[in-house]
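Engineer: next come a sequence and a model predicted from it.
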Amino acid sequence: MDTEQIVRTFVEYFEERGHRRISGSTLLPPPGDPVLFTTSGMHPLTPYLEGSPHPLGRRLVNVQRCLRTTDLREVGDATHLTVFEMLGTWSLGDYEGPSSLDWGYRLLTEGLGIDPRLLHATVHGGDDRTGEDTASLRLWQDLGVPVELTVEDNWWSNGPTGPCGPDSEIFLWSGDTPPRSTPTRDDRWVEVWNHVMMRYRRLDDGSLVPLPQRNIDTGLGLERLASLLQGKSSVYECDLFDPWRHLVPTLWTLDEQSLRLACDHLRSAIVVLGDGVRPAATGRGYVLRRLVRRVLTVLWRDDPSRGLGDLPEELVSHTLDHFRQERDSDEVRRFLIDEENRFRTLLERGRRVLSRPRFQGPLGEEDFHYLHDTHGLPRDLVMSLRQE
């Protein structure tokens with residue numbers, strides 16, 4: 001299945017079970033949400049998870065684009081992307097966890113054709129605040145799916161405070177041998193779907209209080225699932241990346257790790273620009289700036305003449321079209337090129353400043369503050385220039 005078929009199968013399966021499809025939001029979270037970007041499908045639904053009635057009812061399904069800066073260091077491995085799409089379902093005080101897990105199992109095995117023997121589940125084993133999730137454990141045992149009990153790995157929260165609860169995660173075996181071991185002991189078990197029993201709110205003091213209703217919040221990574229269903233070794237080889245893997249190597253000669261980072265960060269920067277964010281020194285704009293600069297650092301490592309002006313319009317428009325963004329592709333390319341020119345100027349200034357005798361020895365916090373406040377040189381850039 002290509003990704004469009006996977007999305008269609010997923011949405012139709014849950015629509016047949018009474019879920020109403022809702023539109024995914026942009027990467028910008030709703031007002032009042034403390035996160036910079038939408039990191040999961042539940043962000044736009046927080047008021048409804050906390051008890052407000054949703055206009056479309058208590059069973060929902062959608063496709064939500066997400067961005068996670070916490071995974072930046074892992075980008076380039078087989079499973080992590082900066083911007084990705086999450087297939088999500090919700091029960092707003094309607095059905096409970098076993099129903100959600102049973103539907104998930106049957107969609108994977110019957111709807112998507114996955115061999116049940118390639119599945120493994122994890123379940124919250126209980127701690128001093130909440131007991132073992134016996135309902136999920138019993139469901140998996142009845143289905144014949146092996147289960148591993150964990151504690152912290154199967155507790156989902158939206159930050160230090162807010163909605164939270166135990167979860168059950170579904171893993172798919174990606175190895176070329178028969179399945180072995182468990183998800184916490186063998187990373188060939190790849191997490192594809194998380195089912196959160198969102199029942200609590202964590203307060204400032206760390207205590208848990210029940211939410212007004214018992215919710216289910218599930219999220220399934222589209223690119224990760226697509227790569228596994230298509231028999232690929234990484235998310236960068238699923239069909240969504242076909243244009244990137246075809247065109248980028250004709251522009252720049254890169255090793256596999258650098259190719260993955262360049263494709264991921266450029267694609268992510270295009271999506272962030274498509275949602276209206278502009279490069280800046282702080283906040284969302286700085287995340288965008290870091291993405292572009294990390295790409296340029298990789299490109300210039302072997303050839304300083306490389307530039308984003310080489311980027312084909314086809315890749316920009318393909319990305320904007322896939323994420324249903326209406327920005328002009330030429331405008332997006334101009335922002336990328338402008339940011340590249342700004343970075344070149346900053347690097348030249350940084351090299352001149354750091355060549356001064358004052359900065360030849362070890363740098364202290366006062367030096368870092370001075371370089372940032374006076375010359376606009378952030379710490380990570382200073383450290384990078386010092387290693388040249």
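Structural biologist: Now that the structure is in, tell me what you want to look at.

Engineer: is it correct that G51 is in contact with Q213?
Structural biologist: Yes - G51 is within contact range of Q213, at 5.8 Å (criterion: CB atoms under 8 Å). Where you see a C-beta, it was placed from the backbone N, CA and C, and this is true even at glycine.

Engineer: the stretch 1-150 of the chain: strands as residue ranges?
Structural biologist: 20-21, 59-67, 83-92, 119-124, 147-150 (DSSP state E, counting those that start in this stretch).

Engineer: so which elements touch the third one?
Structural biologist: For strand 83-92, the elements it packs on are helix 3-15, helix 46-49, strand 59-67, helix 97-106, strand 208-221, helix 222-229, helix 256-274, judged by 3 or more CB pairs under 8 Å, 6 or more residues apart in numbering; DSSP states H and E.

Engineer: go again using 10 Å as the cut-off
Structural biologist: helix 3-15, helix 46-49, strand 59-67, helix 97-106, strand 189-202, strand 208-221, helix 222-229, helix 256-274 (3 or more CB pairs under 10 Å, 6 or more residues apart in numbering; DSSP states H and E).

Engineer: shared neighbours, G51 and Q213?
Structural biologist: Residues touching both G51 and Q213 (CB atoms under 10 Å, 6 or more residues apart in numbering) are 92-93.

Engineer: and the helices and strands packed on strand 83-92, which one averages the lowest pLDDT?
Structural biologist: Of all those, helix 46-49 carries the lowest average pLDDT, namely a mean of 90.

Engineer: can you give me how far it is from the chain middle?
Structural biologist: In this view, helix 46-49 has its centroid 21 Å away from the chain centroid, taken as CA atoms, centre = their mean, to the nearest Å.

Engineer: just the buried residues of it, please?
Structural biologist: For helix 46-49, a neighbour-count test (16 or more other CB atoms under 10 Å) marks 46, 48-49 as buried.

Engineer: flag the shaky bits of this structure, pLDDT-wise.
Structural biologist: Within the chain, the stretches with pLDDT under 70 are 71.

Engineer: longest helix in it, by residue count?
Structural biologist: Longest helix of the chain, by residue count under DSSP state H: helix 329-354.

Engineer: pull out the buried residues from it.
Structural biologist: 329, 332-333, 335-336, 339-340, 343, 346-347, 350, 353-354.

Engineer: cool, stretch 6-17 as well?
Structural biologist: Buried positions in stretch 6-17, judged by neighbour count with 16+ other CB under 10 Å: 6-7, 10-11, 13-14.

Engineer: one more: stretch 296-313?
Structural biologist: Using 16+ other CB under 10 Å as the test for burial, stretch 296-313 gives 296, 298-300, 306-308, 311.

Engineer: those in strands, which ones?
Structural biologist: Here DSSP state E is the test, and the buried residues of stretch 296-313 give no hits in strands at all.

Engineer: need the max-distance pair from these.
Structural biologist: Maximum pairwise distance among those (CB to CB): 14.7 Å, between W300 and L311.

Engineer: ok so, going back, can I get the strands of the stretch 1-150 of the chain in CSV with distance to N158 and mean neighbour count?
Structural biologist: What follows is the strands of the stretch 1-150 of the chain, written out as CSV (distance: least, CB to CB, whole Å; neighbours: other CB atoms under 10 Å):
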stretch, distance to N158, mean neighbour count
strand 20-21, 23, 14
strand 59-67, 13, 22
strand 83-92, 14, 24
strand 119-124, 16, 25
strand 147-150, 19, 17
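
Engineer: and those strands: which comes nearest F37?
Structural biologist: Smallest distance to F37 across the strands of the stretch 1-150 of the chain (CB to CB): 4.1 Å, for strand 59-67.

Engineer: quick one: contacts for the residue nearest to S258 when sequence neighbours are not counted?
Structural biologist: Using CB to CB, 6 or more residues apart in numbering and skipping the chain neighbours, the partner closest in space to S258 is V298 (4.9 Å). By CB under 10 Å, 6+ apart, V298 lies in contact with 252, 254-255, 257-259, 261-262, 265, 306.

Engineer: the same query, at a cut-off of 6 Å, please.
Structural biologist: V298 sits next to 258, 261-262 when contact means CB atoms under 6 Å, 6 or more residues apart in numbering.

Engineer: isn't I170 right up against H195?
Structural biologist: No - using CB atoms under 6 Å, I170 is not in contact with H195, being 7.5 Å away.

Engineer: so these two - more neighbours on which side?
Structural biologist: H195 (26 against 23; other CB atoms under 10 Å).

Engineer: for G51, phi and psi?
Structural biologist: Dihedral pair for G51: phi 120, psi -20, per degrees, to the nearest 10.

Engineer: which non-adjacent residue is nearest it?
Structural biologist: For G51, the spatially nearest residue (CB to CB, 6+ apart) is P212, at 3.7 Å.

Engineer: distance of the closest residue to L143 other than its chain neighbours relative to L172?
Structural biologist: Using CB to CB, 6+ apart and skipping residues adjacent in sequence, the residue nearest L143 is Y105, 5.7 Å away. The spacing between Y105 and L172, counted by CB to CB, to the nearest Å, is 12 Å.

Engineer: thank you, goodbye.
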